[in-house]
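A.B. asks: Show me the folded form of this:
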Amino acid sequence: MEEIKIREEDEFIKLGQLLKKAAMVSSGVEAKIVIQDGEVTVNGEVDTRRGRKLYDGDVVTFNGETVKVVK
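C.D. replies: Predicted coordinates:
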């Protein structure tokens, strides 16, 4: 499982930003589409909110890839 580190001064990262940072999608538009289509899970549950705030320990899965948010 890959880990994505959020900046020390930030408390969270938004779901769309995480997908781009992890190179799971190539653009914000693509992130919006796959999230709205219910293809992304956060901690095992489908979440359709691109602005969903992810915190240390949250796990995101899309297209067979899983990443964990770390502070």
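A.B. asks: what's downstream of the lengthiest helix in the chain, the next helix or strand?
C.D. replies: The single longest helix within the chain, with elements called by DSSP state H, is helix 28-36. Next helix or strand after helix 28-36 toward the C-terminus (DSSP states H and E): strand 40-42.
A.B. asks: Give me the contact list for that following strand.
C.D. replies: By Cβ atoms under 8 Å, 6 or more residues apart in numbering, the surrounding residues in contact with strand 40-42 are 15, 19, 34, 46-47, 52, 54, 58-62. (Glycine included, C-beta is placed from N, CA and C.)
A.B. asks: Need these in JSON lines (columns: neighbour count).
C.D. replies: Below are the contacts of strand 40-42 laid out as JSON lines (neighbours: other Cβ atoms under 10 Å):
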{"residue": "L15", "neighbour count": "23"}
{"residue": "L19", "neighbour count": "27"}
{"residue": "V34", "neighbour count": "18"}
{"residue": "V46", "neighbour count": "12"}
{"residue": "D47", "neighbour count": "15"}
{"residue": "R52", "neighbour count": "18"}
{"residue": "L54", "neighbour count": "22"}
{"residue": "D58", "neighbour count": "19"}
{"residue": "V59", "neighbour count": "14"}
{"residue": "V60", "neighbour count": "24"}
{"residue": "T61", "neighbour count": "17"}
{"residue": "F62", "neighbour count": "20"}
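A.B. asks: That's all I had, so thanks and see you.
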